[in-house]
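J.: Got a predicted model here, sequence first, then my questions.
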Amino acid sequence: MKQRSYKLVATVLAFLILILPGALSARERRGANLVVVQKDGQTVKGELIAVKSDSLLLLNPAGMDESVDIAGIRSIRIVIKSKGGTGFLIGFLAGAIGGACEVIAWG
């Protein structure tokens, strides 16, 4: 009986080791989300696609490319989304599964 429970624990842990790093890595690299304030007061939001010698190319929320002249920029802010909730959820699930396997192995 103990031999079987050890195999179950080892199998579950091996599965977690192989699967979780893939779930945590970025599937596709994306550009930074920017908020650009121009000198005339207009605000442009979007994902950075390219940096040219005289302009920035952004993909706006509507899915259209928008070019912003560098000379007309007052400020640029990078918008970072918090990933704390995702990390907490993944850690909690991994701990819960590991704890359940431990209870099964010793119980």
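T.: That came in fine, so what should we check first?
J.: Can you list the residue ranges for strands in this protein?
T.: For the chain, strands defined by DSSP state E occupy the ranges 33-38, 43-51, 55-59, 65-69, 73-79.
J.: Columns distance to residue 106 on top of these, output as a markdown table?
T.: From N, CA and C alone the C-beta is placed, and that goes for glycine too. What follows is the strands of the chain, written out as a markdown table (distance: least, CB to CB, whole Å):
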| stretch | distance to residue 106 |
| --- | --- |
| strand 33-38 | 47 |
| strand 43-51 | 50 |
| strand 55-59 | 53 |
| strand 65-69 | 59 |
| strand 73-79 | 47 |
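J.: which of those is buried the deepest?
T.: strand 55-59 (a mean of 18; mean count of other CB atoms under 10 Å).
J.: ok so, going back, generate CSV for the strands of the chain, with distance to residue 102 and mean pLDDT as supplementary columns.
T.: Converted to CSV, the strands of the chain look like this (distance: least, CB to CB, whole Å; pLDDT from 0 to 100):
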stretch, distance to residue 102, mean pLDDT
strand 33-38, 41, 92
strand 43-51, 43, 90
strand 55-59, 47, 91
strand 65-69, 53, 92
strand 73-79, 41, 90
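J.: Tell me where the chain has helices.
T.: 2-24, 84-106 (DSSP state H).
J.: Going by mean pLDDT, which of those helices comes out lowest?
T.: Sorting these by mean pLDDT places helix 2-24 lowest, at a mean of 67.
J.: related to what we said a few turns ago, right, and the helices of the chain - which one's nearest residue 40?
T.: If you check each of those against residue 40 by CB to CB, helix 84-106 wins as the nearest, at 36.5 Å.
J.: thinking again about what came up before, how about the helices of the chain in TSV, adding mean neighbour count?
T.: Shown next, in TSV, are those (neighbours: other CB atoms under 10 Å):
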stretch	mean neighbour count
helix 2-24	11
helix 84-106	12
